[in-house]
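Trainee: my questions concern the predicted model and sequence given below.
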Amino acid sequence: MPIVFARSTTIHAHPSYIDVGIKHVRDTVMPALADIEGCLGMSLLVDRDSGRCIATSSWRAEESLRASEGPVLKLRDAAAEVFHGTTEVSRWDIAVMHRDHHSERGACCRVTWVKAEPAHMDRAVDVWKMAALPKMEELDGFCSASLMLDHAAGRGVSSLTFDSAETMERNRERIDSIRDEGVREANAEVLETCEFELAIAHLHVPEMA
């Protein structure tokens, strides 16, 4: 199975500039990325309360990801100005992408960052795919789930997308239970869990389950 690569830019935005920032990403950043060789698409997660926004672009090959660093740096700096915020960058391998159906307007994501020994990462992926994912799929309003890894750092991030904030909230206890069971079995540690509005959903990563 081909590995797809991703770059996430976390923008610590001024909350009052989030809407203008979303428009900038949709109208300026996305068309510019589409012109860069090897870019598959992008998504944007937004937490209006904290101002935390995460823009993730997907790339067909690691060479494309590396070659795009220069042009993307300019786009990132311009976006930071529009959002009136600071940025930090992470790079990932997309290990799993599974969709039940495409998300519609109003979709929300629950994102969990985990840490594990680099030597245990393959086991963590197996636990996530074989044990956690089938349980997530049964949840009311489930749209999709992804798992991205930074093998060298022993870090991973999973994202669950639901049809609405209501369905995500209704499933919160069950999601926590699935997460806690999985990290125990994978000998991993939860670093953080956050909930976001899915402002832009055009990552265009193929099914990788």
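Mentor: Done, it's in. Residues are numbered from 1 along each chain as shown.

Trainee: just the C-alphas of the helix or strand of the chain with the lowest mean pLDDT, formatted as PDB.
Mentor: Taking mean pLDDT, DSSP states H and E as the measure, helix 121-127 is the helix or strand of the chain with the lowest mean score, a mean of 93. Output of helix 121-127 as PDB, limited to C-alpha atoms (Å, rounded to 0.1, in the frame of the first residue of the first chain):
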ATOM      1  CA  MET A 121       4.500   2.000  16.700                       C
ATOM      2  CA  ASP A 122       3.600  -0.900  14.300                       C
ATOM      3  CA  ARG A 123       1.700  -2.600  17.200                       C
ATOM      4  CA  ALA A 124      -0.100   0.700  18.000                       C
ATOM      5  CA  VAL A 125      -1.200   0.900  14.300                       C
ATOM      6  CA  ASP A 126      -2.500  -2.700  14.400                       C
ATOM      7  CA  VAL A 127      -4.400  -2.100  17.600                       C
END
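
Trainee: could you point out the helix or strand that follows it?
Mentor: Where DSSP states H and E defines the elements, the next helix or strand beyond helix 121-127 is helix 133-137.

Trainee: quick check: which element contains I178?
Mentor: With DSSP H and E as the criterion, I178 is inside helix 172-185.

Trainee: separation between the residue nearest to the spatial centre of the chain and I200?
Mentor: In the chain, the residue lying closest to the centroid (C-alpha atoms, centre = their mean) is S159, at 5.6 Å. Distance of S159 to I200, given as C-beta to C-beta, to the nearest Å: 14 Å. Quick note: C-beta positions are derived from backbone N, CA and C, even for glycine.
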